[in-house]
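Peer 1: need a structure here:
(2 chains)
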Amino acid sequence: MTQQSSRGRGEKILVVDDEHSSDLMRSVLRRLEREGFRPIVVSPEGPRVTGDDFEIQTLFAVEEERPAAVLLDVRFGEYDEDRFKGLTILKRITDRDRSLPVLMFTQYAQGPYRDTAVAASLSVNAPVDFIDKLASPDEVVLRLRRLIGAAPERIQIGTLYELDADNGTVYAVSDGQREPIREIQGMKFEILKELAAALYRSEGELVPFSRLERFSDGEDSRASLRVRIREIKVALGKAAGRNFSADELIINVRNRGYRLVPPRA
Amino acid sequence: MRSTLLKTLRLFGLMTAVVGLLLLALAPVFGNEFTDSLWQVEPMAYVGAAVLLLGLVIALSAYLIGPAQRPANGQTPVRGWSRVTQDYFDTFSHDMGRPFRRILGKEREVRARVEESGQDLPPAVQELLDEIEQQAPSFRLMLANVRVLVELEDPDAAIGYEPVDPVAIVRNIADRYAGIAAERDAELTWWSEPAEFGLVYGDASALDHVVTNLVDNAVKYATRHVELRVTRNPTHYFIRVWDDGPGVPAAHFPHLFDRGWTPEMAGRRERTSSGLGLYIARTLARRAGGEIAVESATNSADREDVNVSHYTTMTVMLPLSKPTTEG
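Peer 2: Below you'll find the predicted structure:
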């Protein structure tokens, strides 16, 4: 998992889960912070906290904090009436704001309860996704990223580079300083942007030749693409004082397409 | 609350009917004993018949009202035994998942603390932590497999049809298994052709389950690479799961999708899996009007587009939309 491929820009994530203090949830919260998000935990207090308490506090927090997304558990506590409390909360959230992305934590990734959850999410017509409670923190972050929106203007490629789509520049990053890499412009920039966006969406996503060859010219577009990829690698390597081999940075995957792999510092 | 009321009403109705029946049956006996006149018997028989009728009406009404009740939160009612089994299984999996969640949480906590301290872990401890993390997807899949098996046992189970984005499903599965593959020194990549694939019509839950089982298998056996590819033609879409593992010997082909069969069984070795994954995957694929095709080479064979001499490809073929019923 690319822990450094991108950073949340201090966006707030509202975390609504009665097990928020468990080790498992702590690892998720820690991962969100490392990604640059600001997790805000809904934590009602009282002698007998029920799903209703979570519902009230969540709605209050949505109004107060204006989060970029909500991480919401489906099941609250052991009471039968709270088995689907998360779906009630989801409905109440989307009644107020249909554009707020909600990632639901559930053990019901399959089976009839999953259908119940999906039916409920479809009925609210909002950006809602489901993830298993045993999912890795990396998986949670990836899902959140995709729910929140398209690739951001700035994508970090490992710790060494940053691609700024807004001003069409790739930077070499060293000791917090950014140095523009002038050699990567035009079509070379577009190729790198395509690869970086795929990396942002899903670490394993390969960009097929067909999608990259539109940025190549000449009679043999595949050969032209190969040359451009080599030039990109050389320019990136030169800026960071590195020499990337064939199986580093931009990799030709079994002659089907290319994949960007963040370099180790 | 409502079901208790209905149960009480049914019981009351049946008891009333029994009392009515007794009155009806005993009317001639008591009538003869207490009075010589048949006229005296008739009112008791009429009352008995009326009570019997009333009891039956109450009991029948309670039975008729019963099935119409809807579970909370808009769940679709499921036939009795299946729902009960699912409920039991749900409680069971929730309770069984709890200790595993705790273990997984502790493992991640330890890993985080070690990372923060900058210490190096002894290899055996590192191996233990990796093993726990790697078991998480298998554990998830195992629970899901048992749940799906329960569903498959229901002969009347209907297939859900909804708009599905197969690329999103494959992407999510790739996210789940990329880390596991990396820890086993393998690389998992995926892509779709066309890139803007669009929606198909099917059962998202079943599709997720089919592909997860195939990927879990591929990651387990891969040497260096696992590839997932989503493609389509005018009538079907295809999800191909390829791995460069040792391949499937020809002798194993007929048994690959048998329920409970594992490669270890052929070699009389200890089983490392339940042998349910491929059986479930193919059953679900066929139920949706599709199929799973297998292609494999163990060493000597080579294909033009495959640069390794051993591999396994499992291709799920599914219709783009709901199959129409003929006749």
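Peer 1: next up, identify which helix or strand residue B:315 is on.
Peer 2: strand B:311-319 (DSSP states H and E).
Peer 1: make that residue B:282, sorry
Peer 2: Residue B:282 belongs to helix B:277-287 when elements are defined using DSSP H and E.
Peer 1: what's the helix or strand following that helix in contact with?
Peer 2: Where DSSP H and E defines the elements, the next helix or strand beyond helix B:277-287 is strand B:291-297. Under the criterion Cβ atoms under 8 Å, 6 or more residues apart in numbering or on different chains, residues B:210, B:214, B:247-248, B:253, B:256-257, B:278, B:281-282, B:285, B:303, B:309-317 lie in contact with strand B:291-297. C-beta here means a position set from N, CA and C on the backbone, and glycine is covered the same way.
Peer 1: could you export strand B:291-297 as CSV, CA atoms only?
Peer 2: Only the C-alpha atoms of strand B:291-297 are listed here, as CSV (Å, rounded to 0.1, in the frame of the first residue of the first chain):
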residue,chain,number,x,y,z
GLU,B,291,-19.9,-20.0,-16.1
ILE,B,292,-16.3,-20.2,-14.9
ALA,B,293,-13.7,-21.5,-17.4
VAL,B,294,-10.3,-22.8,-16.3
GLU,B,295,-7.1,-22.9,-18.2
SER,B,296,-3.8,-24.0,-16.8
ALA,B,297,-0.3,-25.2,-17.6
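Peer 1: show me where the stretch 1-150 of chain B has its helices.
Peer 2: B:2-34, B:38-65, B:80-117, B:123-152 (DSSP state H, counting those that start in this stretch).
Peer 1: looking at these, which is nearest to residue A:139?
Peer 2: helix B:123-152 (9.6 Å; Cβ to Cβ).
Peer 1: and the helix or strand that that closest one is followed by, which residues are buried?
Peer 2: The helix or strand immediately downstream of helix B:123-152 is strand B:162-164, counting by DSSP H and E. Residues of strand B:162-164 classed as buried: residue B:164 (neighbour count, 16 or more other Cβ atoms under 10 Å in any protein chain shown).
Peer 1: quickly run through the sheet partners of strand B:162-164, with directions.
Peer 2: Here strand B:162-164 is paired, per DSSP bridges, with strand B:200-202 (antiparallel).
Peer 1: strands of the stretch 51-200 of chain A, start to end?
Peer 2: Ranges of strands in the stretch 51-200 of chain A, per DSSP state E, counting those that start in this stretch, are A:69-73, A:102-106, A:128-132, A:154-157, A:161-164, A:169-174, A:177-180.
Peer 1: still on that earlier bit, present the helices of the stretch 1-150 of chain B as a markdown table; the columns should include mean pLDDT and mean neighbour count.
Peer 2: A markdown table is the format used below for the helices of the stretch 1-150 of chain B (pLDDT from 0 to 100; neighbours: other Cβ atoms under 10 Å in any protein chain shown):
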| stretch | mean pLDDT | mean neighbour count |
| --- | --- | --- |
| helix B:2-34 | 75 | 14 |
| helix B:38-65 | 76 | 15 |
| helix B:80-117 | 78 | 15 |
| helix B:123-152 | 83 | 17 |
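Peer 1: would you agree residue A:224 is in contact with residue A:212?
Peer 2: No - if you go by Cβ atoms under 8 Å, residue A:224 and residue A:212 don't touch, sitting 10.2 Å apart.
Peer 1: neighbour count: these two, which is higher?
Peer 2: Counted by other Cβ atoms under 10 Å in any protein chain shown, residue A:224 and residue A:212 do not tie: residue A:212 has more neighbours, with 21 against 16.
Peer 1: now do the more buried one, the pLDDT please.
Peer 2: On the pLDDT scale, residue A:212 is placed at 88.
Peer 1: for it, give its distance to residue B:45.
Peer 2: Residue A:212 sits 93 Å away from residue B:45, going by Cβ to Cβ, to the nearest Å.
Peer 1: for residue B:232, same thing?
Peer 2: Residue B:232 sits 75 Å away from residue B:45, going by Cβ to Cβ.
Peer 1: point me to the residue of the stretch 1-150 of chain B nearest chain A.
Peer 2: Here the stretch 1-150 of chain B gets closest to chain A at one residue, residue B:105, 2.8 Å apart by Cβ to the nearest Cβ.
Peer 1: hang on, that residue packs against residue A:28?
Peer 2: No - Residue B:105 lies out of contact with residue A:28 (Cβ under 8 Å); the separation is 9.7 Å.
Peer 1: contacts with chain A among the contacts of strand B:291-297, please.
Peer 2: Near chain A, judged by Cβ under 8 Å from any Cβ of the partner chain, there are no entries from these.
Peer 1: buried among these? Need that as a selection in ChimeraX.
Peer 2: Entered in ChimeraX, the line below selects the buried ones among the contacts of strand B:291-297, by 16+ other Cβ under 10 Å:
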select /B:210,214,247,248,256,257,278,281,282,285,310,311,312,313,314,315,316,317
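Peer 1: before we move on, back to that, spit out the contact partners of the residue of the stretch 1-150 of chain B closest to chain A.
Peer 2: Contact analysis of residue B:105 by Cβ under 8 Å, 6+ apart lists A:22, A:23, A:24, A:25, A:26, A:27.
Peer 1: apart from its neighbours in sequence, what residue is nearest it?
Peer 2: Closest residue to residue B:105 apart from its sequence neighbours, by Cβ to Cβ, 6 or more residues apart in numbering or on different chains: residue A:23 at 2.8 Å.
Peer 1: what is the burial count for residue A:144?
Peer 2: Here the number of neighbours of residue A:144 (other Cβ under 10 Å) works out to 24.
Peer 1: ranges for the helices of the stretch 1-150 of chain A?
Peer 2: Assigned by DSSP H, counting those that start in this stretch, the stretch 1-150 of chain A shows helices spanning A:23-34, A:51-65, A:85-96, A:111-124, A:137-148.
Peer 1: could those helices be laid out in a markdown table, adding distance to residue B:153?
Peer 2: Shown next, in a markdown table, are the helices of the stretch 1-150 of chain A (distance: least, Cβ to Cβ, whole Å):
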| stretch | distance to residue B:153 |
| --- | --- |
| helix A:23-34 | 32 |
| helix A:51-65 | 32 |
| helix A:85-96 | 27 |
| helix A:111-124 | 13 |
| helix A:137-148 | 31 |
